[in-house]
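J.: make a model of this:
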Amino acid sequence: MKLFHLVLWRMSLALMVILTVWAGLFYMAVMEEVNDEVDDSLEDYAEALIIRSLSGETLPASSNGSNNQYYLYEVSKAYAEAYPHITYRDEDVYITEKGEKEPARVLMIIFQTDDGSYRELVVYTPTIEKLDLQCAILGWIIFLYVFLLLVIIVINAWVYKWNMRPLYVLLEWLDNYRLGHKNDPLENTTKITEFSRLNEAAIEAARRNEYLYEQQKIFIGNASHEMQTPLAICRNRLELLMEEENLTEHQLEELMKTHQTLENLSRMNRSLLLLCKIENGQFANVHRIALNDLLERYISDYREVYAYRNIGLDMEVKGVFYVDMDDSLASVLVTNLLKNAFVHNIDSGKILITVTADSFCISNTGGHELDGQRIFERFYQSHKKEGSTGLGLALVDTICKSNRLRVVYRYSDGMHQFEINHQND
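T.: I've put the predicted structure just below:
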C-alpha cells in the first residue's frame, strides 16, 4: 500500500470516529437544551396552577387555547408516597385544540393541600419531533462528513504531492540507476532536512557500490589474467608427464583426469576474463554484422560435432538479422548458443535454428523446463554437464545487454528455445 493511501485511510477513519462522537454529543446537547427550556416553562405553569389551587381560586380551563394543558386530580396517600413528587417524561398525548396526538413534554407533580389530602398535577406541552430532529442532524452530519472528507482529500493530496516530491524524485533516480553504467547525477534540491539527508545517504551508498563494483571487476580481471600463466604451465607439465613411458595405466588415467580439470578451470578462467572485459567496455570496435553469415560459417564446423551424437540440425532462414557489435563478441555469442544446444541436448536429438529480420532462435531437444529466472546467472546449472562451466549463457546474456539485444528463454513442445532480438527502447 502506498504511503498516500495509508495516510488517507487512517485520516478518514479517525475523522469518521470523531464526527460520529461529535454527532452524538451534539444531539444530546441540543436535546438537553430543548428539554431544559420546556421544563422551565412547564414548572412556571405548574407553579401558577398549584398556587391558585391552594388559594382556592378558580383554575383556568384545562384547554385554554394555548399549547399547555393540564389535569388535576386527587390521589391517595399511599400513591403519593410510592411515586416521586416531581417527574419529567416524553410521551405522545392527545392535543384537544389540534384534535391529534403529538409528542409532548410532561411534568407530573404530587403536592399536599392544607387539609392534608394529596393531589397530582399533570402538565404537558407539545414539543419538537425528536425523530425528525435526529434525521435532520444525521443528514447534516453526513453532508458535513462528505464535504470535509472531500476537502481533506484534495488538500492532503496537494500538500502530500508538493512536500513528498523530493522523495519521488529520489525513488525515480534509484529505479533508473544501474550499477556499472553511466548514470545521470541526482538533481533533487530540497529544503526539507530529512529528504536532504536521504539524498546524501543515497548518493554516498551509490558511490560506495560503484567503488566496490569497480574493485571487484579489477580483481576478477587481474586474477583471471594472472591465473592463465600458471594454469598453462601446469597443463604443459602434465602433458610432459603423460609422455613418460614408465607410467602405469592407473597413473596415466589420473593424470588425464587432472589435465581435464585444469582444462576446465582454464576455460572457466577465460570466460570470467571475457565477462570482465565486456562489462568494462573493452570491445569498442562496433560495426554492423549479419549473424546469418556467422551462423552458416560455424554451423559447417559444428555439424561434425553434432553428428558424433547423432543430433540433427535444421536451419530456416526468413530474413537477415543484423546486429551492431564487435566481431569477437558476435562470434562468442553464436558459438556459445551452438555449444549450449549441443551440451544440453540428448542423443539422437535435434537442433532447429530460425532466422528472421527481427530475431534468430536456436531450439534444441532436452529434458524438463529450466528455471527462466536463474538460467542466465553465472555458474547456475540445473544439472551438471561434462564440459560445461556454467558461464556460457551468462556470457550470452552479458553480450546481449551490452549491445542493446535481448535473450529470451522458452520451453515448448519438449524444445528449449533461446531467442535473440533487438531490445526495445
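J.: contacts, neighbours, all on C-alpha from now
T.: Will do.
J.: in the stretch 251-400 of the chain, mark out all the helices, start to finish.
T.: 291-308, 327-343, 392-402 (DSSP state H, counting those that start in this stretch).
J.: nearest to residue 14, of those helices?
T.: helix 392-402 (50.5 Å; Cα to Cα).
J.: and whatever helix or strand comes next after that closest one, what does it pack against?
T.: Later in the chain than helix 392-402, the nearest helix or strand by DSSP states H and E is strand 405-412. Strand 405-412 is packed against helix 392-402, strand 415-422, with contacts defined by 3 or more Cα pairs under 8 Å, 6 or more residues apart in numbering; DSSP states H and E.
J.: list the buried ones in strand 405-412?
T.: Judged by neighbour count using 16 or more other Cα atoms under 10 Å, the buried positions of strand 405-412 are 405, 406, 407, 409, 411.
J.: between those residues, which sits nearest residue 365?
T.: Nearest to residue 365, judged by Cα to Cα, of the buried residues of strand 405-412 is residue 411 at 9.7 Å.
J.: what sits against that closest one?
T.: 369, 370, 417 (Cα atoms under 8 Å, 6 or more residues apart in numbering).
J.: can you spell out which helices and strands pack onto the longest helix seen in the chain?
T.: With secondary structure taken from DSSP state H, the chain has its longest helix at helix 3-54. On a contact count with 3+ Cα pairs under 8 Å, 6+ apart, helix 3-54 meets strand 100-112, strand 118-126, helix 130-163.
J.: and the average pLDDT for whichever helix or strand comes after that helix is what?
T.: Beyond helix 3-54 on the C-terminal side, the first helix or strand identified by DSSP H and E is strand 69-75. Mean pLDDT, strand 69-75: 83.
J.: buried residues in the helix or strand of the chain with the lowest mean pLDDT?
T.: Every helix and strand in the chain was compared by mean pLDDT, DSSP states H and E; the lowest is helix 249-279, with a mean of 75. Across helix 249-279, burial judged by 16+ other Cα under 10 Å covers 252, 255, 259, 262-279.
J.: circling back: could I get the helices and strands packed on strand 405-412 as JSON lines with mean neighbour count?
T.: Compiled in JSON lines, the helices and strands packed on strand 405-412 are given as follows (neighbours: other Cα atoms under 10 Å):
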{"stretch": "helix 392-402", "mean neighbour count": "21"}
{"stretch": "strand 415-422", "mean neighbour count": "20"}
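J.: now tabulate the ones you listed in JSON lines and tack on distance to residue 243 and mean pLDDT.
T.: Listed next are the helices and strands packed on strand 405-412 as JSON lines, based on distance: least, Cα to Cα, whole Å; pLDDT from 0 to 100:
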{"stretch": "helix 392-402", "distance to residue 243": "33", "mean pLDDT": "83"}
{"stretch": "strand 415-422", "distance to residue 243": "42", "mean pLDDT": "89"}
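J.: which one, of those, ends up nearest to residue 81?
T.: Using Cα to Cα, the helices and strands packed on strand 405-412 put helix 392-402 closest to residue 81, at 100.1 Å.
J.: what residues does that closest one touch?
T.: 271, 275, 278-279, 329, 332-333, 336-337, 340, 375-378, 406-407.
J.: do that again at 6 Å, thanks
T.: 333, 336, 376, 377, 378, 406 (Cα atoms under 6 Å, 6 or more residues apart in numbering).
J.: which residue packs closest to the third one, ignoring adjacent ones?
T.: Nearest-residue entry for residue 376: residue 394, 4.8 Å, with adjacent residues in sequence omitted and distances by Cα to Cα, 6 or more residues apart in numbering.
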